[in-house]
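K.L.:
Predicted structure and sequence below. I'll ask about it afterward.
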Protein chains: 2
Amino acid sequence: MIAHILSTGDEVLLGDIIDTNSGFLCQGLKDMGIEVQKIMAVGDDVEAIATVIEEISRNADICLVTGGLGPTRDDLTALACSRASGQRLELNPQALASMQSYFAKRGFVLNKDNEKQAMLPETSRVLINYNGTAPGFYMKINDCLFYFMPGVPSEMKIMFEREIKPILADEFSLNDDILIERLTVFGLPESRVGALLKGFKIKFPRMRLGFRADFPVIEVKIILINYDKDPNKTLSDMAEAKQWAIDRLENKVVSEKGLSIAQELGQLLTSQKKTLAIAESCTGGLIANMVTDVAGSSDYFLFSGITYSNDAKINILNVKRATIVEYGAVHEKTAIEMAQGARIKAGADFAISTTGIAGPGGGTEEKPVGMVCIGLAGPLVSMARTYQFSYGDRLRNKKMFAMMALELLRRHLAGLLETA
Amino acid sequence: MIAHILSTGDEVLLGDIIDTNSGFLCQGLKDMGIEVQKIMAVGDDVEAIATVIEEISRNADICLVTGGLGPTRDDLTALACSRASGQRLELNPQALASMQSYFAKRGFVLNKDNEKQAMLPETSRVLINYNGTAPGFYMKINDCLFYFMPGVPSEMKIMFEREIKPILADEFSLNDDILIERLTVFGLPESRVGALLKGFKIKFPRMRLGFRADFPVIEVKIILINYDKDPNKTLSDMAEAKQWAIDRLENKVVSEKGLSIAQELGQLLTSQKKTLAIAESCTGGLIANMVTDVAGSSDYFLFSGITYSNDAKINILNVKRATIVEYGAVHEKTAIEMAQGARIKAGADFAISTTGIAGPGGGTEEKPVGMVCIGLAGPLVSMARTYQFSYGDRLRNKKMFAMMALELLRRHLAGLLETA
């Protein structure tokens, strides 16, 4: 099946916004087993939109279109569609009713501008907009089924999920009972993840792999479509594929549920009824920020001391001045004292710490940019590790340092830490 | 002039990555006065790429292409380009030399896979890759000038800036002396910014406005192209337009140089030789993280105490237990004591603090999700303010709270704070 995606709107072509809708729709279609061959974007120009719709109608089987359904003069999709299909625009009673109901719920009354949004090509059928006023619609032009959605992501997404997916599944006999398992991988480059999972397709021909890189983490998706009607068989097939992938990923799977390291760590702390303190120098609050991005983190997270200055390390975390004088702020001994200090000050079960050089300045030959010492203190543990990264970029270094610190404690709590 | 953009790569069509390159290039071209009419994306399929290049070569004057220049079998752009143009691929000595020099600097030796990257269509000319191995190239096919760049954003961006922009400016007699002024606006929705600046085009017909929203901040760009040969006139025109915009933006311009609030605050602290401490509860480290994202922040930033637990507020920041018992953790009195405590503990000139409800849980009727108290302590100031936001989203609340805290101190240091 040939699927195209078209987004309309000057704001994309002027570079004022990034078109994230197309990526969302590609993923959504992929998860249903449909691969997109071409993505296009054109501006708010009725001739340009009509021309590209006409082109697509001769080349594709389905096309998802976003944007241009609003009440203003810039919103030209229905008009362009009418030109491309040779159909008149007429007031669609279902579209009007859906808008009236949306407005009534909010105590508003329809005006003439809004009524324009219900003027649709003759053979079109309405797609309900659950999050806004502009109804969507779908219709066949030549041999291609076009689905027209608003450009506002929150309106588009729910329309795709609730309205379009069921129609697609039905129209193209697709099975929408899709099973997806997600693995979060940390510590391997994407090319290496791909190489390690080579052979998956041969071993599990009914499944597909998907990858999504979000530095420095890679999400691996295992997707099973059109699966066996015996649910036990399906689940055991999936479990087998998942275990196969985990076994090959060199102990670098940090979550078997697709969670972030901070979320996994939060679950471990919660289930073990342990609390957390942090002492950050070079990561500058990023670790605490990641930890507190997780809803409910106040159950286990007590305190982080962001001690950028040496005095703060000494006065607030009780790092010994002699340690800093003798070894410097960036040293495993300092990292351990920072973690111990934070742990004691906060009365926490565990503490992690970072001290390093995020750059761009501050590096020396002995302690270059990208070097970090990570400390860990707990009831039965007191240790530090040193790493050297070569991103040469302050924000990447901060992120990598922060993830390494979270990962050190996660491995410790999960019983995975090799004792040095 | 008709400009198109094409990105190639399965990862975009599978929805695994969002194509941010096209948006960057649209902006870059717009800043040169070139508006893009169409954006396209196709997968790693030599036929599909060749077909779309052929199509574009008959419809556009210039086309920027990203992706597919690497050493692997998936990298098919040069081959597709050879098919679309009817030209043979041959070893391009300049491309080879540029790769050899890149490798030599890093102590590597070229292998056969890499040499493939120097096989380019006969009439193509090389674009230097400053951040990677794959050279870019440009060539004319039919009447269209194609510029081929790598898909890796860091490699693409510098190639566009350093290599392609000068060629475009020269080739199309564009004036590359474009003047752009940037204003950072915080505290107004995008639609309001647009409404306030209505009339700009009539008043300043030679200039254009651009907007870029990055929640909760909006960057307003004032762009002057093909400007007067009298540089003094140009500068005074620009200054007039800038001041006109600032005057209309209701005191919500936080940087007249397009900087972030944290960067502006850093410059104020540096120039006034003042130091900063922070006490964060609900923002959980985000303020410190924003402050330390600025290179050189160690010159003024000393310490942040992320005190999620009440005990940490009491033990580390010396908040009075009686204050928390009587008024609660989320209260202006607590916020003030947090700021004062952080200031004294760190020996800093100024301190800011946050205590509030980021959600999704933890809200009450009296203190709902989205409520935050922000404290400020300094040599001559000790105050707090309470705000209520209704995003209902933990991460948005954290971000808004953090920005409000930074902005409170920025306004104080800039002498803009109305004394309550």
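P.N.:
Arrived safely.
K.L.:
So which residues on the stretch 101-250 of chain A come close to chain B?
P.N.:
A:210, A:211, A:212, A:213 (C-beta under 8 Å from any C-beta of the partner chain). C-beta here means a position set from N, CA and C on the backbone, and glycine is covered the same way.
K.L.:
Low-confidence ranges, the stretch 201-350 of chain A, go.
P.N.:
A:225-228 (pLDDT under 70).
K.L.:
For it, just list every one of the helices.
P.N.:
A:231-248, A:261-271, A:286-292, A:310-317, A:321-327, A:332-346 (DSSP state H, counting those that start in this stretch).
K.L.:
Most widely separated two among the residues of the stretch 101-250 of chain A next to chain B?
P.N.:
Longest distance between any two of these is 11.2 Å, between A:210 and A:213; criterion C-beta to C-beta.
K.L.:
the more surrounded of the two?
P.N.:
residue A:210 (18 against 15; other C-beta atoms under 10 Å in any protein chain shown).
K.L.:
got the contact list for the more buried one?
P.N.:
A:30, A:220, A:221, A:223, B:14, B:16 (C-beta atoms under 8 Å, 6 or more residues apart in numbering or on different chains).
K.L.:
Can you tell me how far it is from residue B:404?
P.N.:
39 Å (C-beta to C-beta, to the nearest Å).
K.L.:
residue contacts, the closest residue to chain B within the stretch 101-250 of chain A?
P.N.:
Taking C-beta to the nearest C-beta, chain B has its nearest neighbour within the stretch 101-250 of chain A at residue A:212, 5.0 Å off. If you count contacts by C-beta under 8 Å, 6+ apart, residue A:212 has them with A:218, A:219, A:221, B:16, B:17.
K.L.:
Show me what the residue positioned nearest the centre of chain A is bridged to.
P.N.:
A centroid search over chain A (C-alpha atoms, centre = their mean) returns residue A:214, at 7.5 Å, as the residue closest to the centre. As for beta bridges, residue A:214 partners with residue A:217 under DSSP bridges.
K.L.:
I'd like the distance between it and residue A:184.
P.N.:
10 Å.
K.L.:
Which among the contacts of residue A:212 count as buried?
P.N.:
Those of these that meet the buried threshold are A:218, A:219, A:221, B:16, B:17, by 16 or more other C-beta atoms under 10 Å in any protein chain shown.
K.L.:
is it true that residue A:56 touches residue A:2?
P.N.:
No. Residue A:56 sits out of contact with residue A:2 when judged by C-beta atoms under 8 Å, with a separation of 9.5 Å.
K.L.:
Those two: which is more packed in?
P.N.:
residue A:56 (23 against 16).
K.L.:
show me what contacts that one?
P.N.:
For residue A:56, the contact set (C-beta under 8 Å, 6+ apart) comprises A:4, A:6, A:40, A:63, A:144, A:146.
K.L.:
Using CSV, please lay out the buried ones among the contacts of residue A:212 together with distance to residue B:290.
P.N.:
Putting those into CSV (distance: C-beta to C-beta, whole Å) gives the following:
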residue, distance to residue B:290
A:218, 26
A:219, 26
A:221, 32
B:16, 29
B:17, 26
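K.L.:
now, which of those residues sits nearest residue A:353?
P.N.:
residue A:218 (26.6 Å).
K.L.:
do the longest helix along chain A and chain B meet at all?
P.N.:
Assignment by DSSP state H gives helix A:394-413 as the longest helix of chain A. Yes. Residues of helix A:394-413 contacting chain B under C-beta under 8 Å from any C-beta: A:394, A:395, A:398.
K.L.:
For that helix, output the C-alpha coordinates as CSV.
P.N.:
C-alpha atoms of helix A:394-413 as CSV (Å, rounded to 0.1, in the frame of the first residue of the first chain):
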residue,chain,number,x,y,z
ARG,A,394,28.4,21.5,27.6
LEU,A,395,24.8,20.3,27.5
ARG,A,396,25.6,16.9,26.1
ASN,A,397,28.3,16.4,28.8
LYS,A,398,25.8,17.5,31.5
LYS,A,399,23.2,15.0,30.2
MET,A,400,25.6,12.2,30.0
PHE,A,401,27.1,12.8,33.4
ALA,A,402,23.6,13.0,34.9
MET,A,403,22.5,9.7,33.3
MET,A,404,25.6,7.9,34.4
ALA,A,405,25.0,8.9,38.0
LEU,A,406,21.3,7.8,37.9
GLU,A,407,22.4,4.6,36.2
LEU,A,408,25.1,3.8,38.8
LEU,A,409,22.5,3.8,41.6
ARG,A,410,19.9,2.0,39.5
ARG,A,411,22.4,-0.8,38.9
HIS,A,412,23.3,-0.9,42.5
LEU,A,413,19.6,-1.2,43.6
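K.L.:
Would you mind getting the angle between that helix and helix A:261-271?
P.N.:
Here helix A:394-413 runs at an angle of 30 degrees relative to helix A:261-271 (axes from the mean of the first three to the mean of the last three C-alpha atoms, to 10 degrees).
K.L.:
Run a quick neighbour tally on the nearest residue to residue A:242 once chain neighbours are set aside.
P.N.:
The shortest distance from residue A:242 to any non-neighbouring residue, by C-beta to C-beta, 6 or more residues apart in numbering or on different chains, is to residue A:181 (5.1 Å). A count of nearby residues for residue A:181, using other C-beta under 10 Å, gives 18.
K.L.:
What of residue A:201?
P.N.:
With other C-beta under 10 Å as criterion, residue A:201 counts 12.
K.L.:
residues contacting it?
P.N.:
Neighbours of residue A:201 in contact, by C-beta under 8 Å, 6+ apart: A:208, A:209.
K.L.:
Residue A:239 versus that one, what's the distance?
P.N.:
18 Å.
K.L.:
Now the closest residue to residue A:34 other than its chain neighbours, what are its backbone angles?
P.N.:
Closest residue in space to residue A:34, ignoring its immediate chain neighbours: residue A:3 at 5.2 Å, by C-beta to C-beta, 6+ apart. Main-chain dihedrals, residue A:3, degrees, to the nearest 10: phi -120, psi 130.
K.L.:
which residues touch residue A:3?
P.N.:
Contacts of residue A:3 (C-beta under 8 Å, 6+ apart): A:29, A:34, A:35, A:36, A:37, A:60, A:61, A:62, A:63, A:64.
K.L.:
Where is pLDDT lowest across those residues?
P.N.:
The lowest pLDDT within the contacts of residue A:3 belongs to residue A:35, which sits at 86.
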